[in-house]
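Participant: please work out how this folds:
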Amino acid sequence: MDQLFRFPGSPMIISRTKATTLSLRGRAYGLLLAGSALILPSAAVSQSLFPDSGSALPAIPSSQVGTAGTSTITRNTPTAPVGGTVPGIVAVAGDERAADTTAQQSAAARVQEPEVDLNQPIGPSDLEPLDDGPEAIDPQEAPRQEVDPTGIRLGTFMLRPSINQSINTEITRENGSKETRNYAATGIRGTLTSDWSRHALTVTGETTIEHNFTKSKEGEDPEGKISADLRLDLADDTVAHLTSGYSFTREDNDDPNAVGGADVQSGVHLFQTGASIGRDIGKIRALAAVNGSRYVYTEAKLADGGTLNMKDRNRSGIDGRLRLGYELSPALIPFGEIASGHTFYDRKRDASGYQRSSQTYAARTGVEFDFGEKLRGELGTGYEVVDYEDNRLKNVGGISFDGDATWSPQRGTDVNLGLRTTVQDSTTPGEGGWVEYELTAALAHEMRDSVVARLSGSTVFRNFDSGSEDEVTWLAGAGITWAINRYLDLTSDVEYEKTTGGTEQNIVRAGMGLTLKR
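Facilitator: I've put the predicted structure just below:
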C-alpha cells in the first residue's frame, strides 16, 4: 500500500510510488538540460581556359598592403547563454506568486493524472507514439544558415560593407637608384548575398584609391573590381551558374608588356561573363561551361608628355570546357577536363604587323578532395598550348599545374596554398608569348579572440621560349588585425617584393590603417 508524505510548508501530498516517478522524471529532465547546454552553438591578363579556384584565404595583393580587411577567421559567433539557460524556458526569480501558482497547477495536474505503478509490466496501450521528427527538407531548398550579427538587411539580401583608410610607405630600389613614396590608401569593399530558400545570388566588389603626399602622381594606380554569381538550383541534382564581372587595373612597370619610360602605364578594363551547368548522375559528376571576356586598353602617358595608343591590344575571347568526375568516396573525386577557346583581336594586325588572334587548347586531369574542415580543395595537371594565326609567331605551350587547397591544422589557424598556370600574349615583335607559373601561400592564425596574425608569400616564374632571360618575382608579407570592436579593426602590414631576371627590382612596403565595417 502506498505511503503518503506531506512536505513541511507545502500543500502537496505525494505518494511513495509517485515520488519514485518524479525522481526518475527529474533525473531525465536534468539530463535534458545538460544536453541542451552542450548542443548550443559555441564560439567555434592571361589566357587560361580553367577558372581560378575560389580561395577561402587569398594571399594579400601587393596593392592592398595596409588595407587588408577582416580575416576569414570567424568572429562574433553566437555563444551559449550565461548560466546555461536553455532557449524557450523562462524563469522569473523572486516571484512568489508565480511559484505558488505553478505549484497549485502541478498539484491539480497530479490529482487528475492516474498514478503509474512502476512495479507493473507496461503494455502497448501505455506507450506514447514516437515523434516522427522534422519533415524532410526539399532537396531543392537550402536550409537557412545561422544568423550573422553583422551586415545590413536589405529585404531578402544582406550587405556587408567595409572601408579602410591607411597610411603607407613604399621604397623601390632598381638599377642602383632608390625612390621613396609615402601615400594614403582608401579601400572600399562590400559583399551582397541573398537569403533565399532556393537559388542564391552573391555580388562582391572592392576598389582601392591611392593619393601621394607629394605633388607627384607617380605610383597612384587605382584599381577596382565587381563580380556577380547567380546559382540556380534546378531539378534532379542539377545546378547552374550565371556569372559576370568587371575589373580595372594598371599594368605594372615590371610587366614584360609595359611601355618603357612611361610615366603612367596603360589601364586595363576587363569584362567577363559565363554560364555553367553541373549534374550528378549517380557517382558521375558532369560539368559544362562557356565563358566570354573582353579586354580594353587605355593610352599610356610618356615621359615627354605624349601618349601611346594601345588599341591594337584590344581583344575579345570565348572558350568552353567539359569536365567529368567519378566519386570514389565522398572525400575523393578524380576528374578529367578538356577545353578550347579562341581570341579575337580588334585589329587584324598589331602595330608591328603581326596577327595576334589565336586558338587555345588545353586538357588536364586531377582530383578533388574534401576531408571536412581540416583539408579540402583540388589539384590538377595537364598541358595547354596557344596556336597563333600568324605563322611567324611560334606556338606557346607547356605543362600546366592548377589547384587550391585549404588546410586547418588546428582551430583558429587556416593555411591556403594555390597553383596557377597561364599563357600570356606578348607585344614584342616576333614573340608570341610566354608561360607563367604562380605559387601562392597564406596563413592566418587567431592569436586571441580579437587578434589575427597573417603571413603570405608568392612566387611568379615567367618562362620565355624566345630566348629572353626568364624572370622570377618573389613576394613575402606579414600583417596583424586587431578587432577593436564589432565595427572597427586596426590593421598593420609589411611586404617585401624582389624581381630577378630581365628586371632587377626590390620593393619594401609598410602600412597601418583602420577598417570600419558593418
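Participant: contacts and neighbour counts: CA atoms only from here.
Facilitator: Noted.
Participant: so what's the residue count around the closest residue in space to residue 482 that isn't next to it in sequence?
Facilitator: Closest residue in space to residue 482, ignoring its immediate chain neighbours: residue 451 at 4.6 Å, by Cα to Cα, 6 or more residues apart in numbering. Around residue 451 sit 18 other residues, with neighbours defined as other Cα atoms under 10 Å.
Participant: for residue 451, give its distance to residue 160.
Facilitator: Distance from residue 451 to residue 160, counting by Cα to Cα, to the nearest Å: 20 Å.
Participant: kindly report the same for residue 179.
Facilitator: The separation that residue 179 has from residue 160, given Cα to Cα, amounts to 38 Å.
Participant: more neighbours: the two, which one.
Facilitator: Under the criterion of other Cα under 10 Å, the comparison of residue 179 against residue 160 puts residue 160 first, with 17 against 10.
Participant: got a list of what that one touches?
Facilitator: Contacts here follow Cα atoms under 8 Å, 6 or more residues apart in numbering; on that basis residue 160 touches 150, 151, 152, 190, 191, 192, 517, 518.
Participant: which SS class is the first one?
Facilitator: Which is residue 150. Under DSSP: H, G, I helix; E, B strand; the rest coil, the three-state class of residue 150 is coil.
Participant: residues near it, how many?
Facilitator: With neighbours defined by other Cα under 10 Å, the count for residue 150 comes to 16.
Participant: one more: the fifth one?
Facilitator: Burial of residue 191, expressed as a neighbour count using other Cα under 10 Å, amounts to 18.
Participant: picking that back up, pretty sure the residue nearest to residue 482 sits against residue 479.
Facilitator: No - with the criterion set as Cα atoms under 8 Å, residue 451 and residue 479 do not qualify as a contacting pair; they are 10.8 Å apart.
Participant: re the thing from before, just flag the most distant two among the contacts of residue 160.
Facilitator: Spatial extent of these (Cα to Cα) is set by the pair 192 and 517 at 13.6 Å.
Participant: and the residue lying closest to residue 440 once chain neighbours are set aside, how many neighbours does it have?
Facilitator: Across the structure, with Cα to Cα, 6+ apart as the measure, the residue nearest residue 440 apart from its sequence neighbours is residue 458 (4.2 Å). For residue 458, the number of neighbouring residues by other Cα under 10 Å comes to 21.
Participant: a strand runs through residue 458, doesn't it?
Facilitator: Yes - judged by three-state DSSP, residue 458 forms part of a strand.
Participant: quick one: the strands in the stretch 401-518 of the chain?
Facilitator: Counting by DSSP state E, counting those that start in this stretch, the stretch 401-518 of the chain has these strands, from start to end: 413-425, 433-448, 451-464, 471-485, 488-500, 505-517.
Participant: what comes up buried for stretch 420-439?
Facilitator: For stretch 420-439, the neighbour count (16 or more other Cα atoms under 10 Å) marks 420-425, 427, 431-439 as buried.
Participant: from these, pick the one nearest residue 385.
Facilitator: Taking Cα to Cα as the measure, residue 385 lies nearest residue 423 of the buried residues of stretch 420-439, at 8.0 Å.
Participant: the closest one and residue 432 touch, don't they?
Facilitator: No - Residue 423 lies out of contact with residue 432 (Cα under 8 Å); the separation is 9.9 Å.
Participant: and for these two, which residues touch both?
Facilitator: When Cα under 8 Å, 6+ apart defines a contact, the residues bordering residue 423 and residue 432 alike are residue 396.
Participant: quick one: contacts for the residue nearest to residue 482?
Facilitator: Residues in contact with residue 451 (Cα under 8 Å, 6+ apart) are 480, 481, 482, 483.
Participant: okay if I get these as TSV plus pLDDT, neighbour count and distance to residue 346?
Facilitator: Below are the contacts of residue 451 laid out as TSV (pLDDT from 0 to 100; neighbours: other Cα atoms under 10 Å; distance: Cα to Cα, whole Å):
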residue	pLDDT	neighbour count	distance to residue 346
480	97	23	46
481	97	24	46
482	97	20	49
483	96	21	49
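Participant: can I get the residues you listed in TSV with distance to residue 497?
Facilitator: Putting the contacts of residue 451 into TSV (distance: Cα to Cα, whole Å) gives the following:
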residue	distance to residue 497
480	19
481	21
482	25
483	28
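Participant: where does pLDDT dip in this protein?
Facilitator: Screening the chain residue by residue with the criterion pLDDT under 70, one finds the ranges 1-149, 467.
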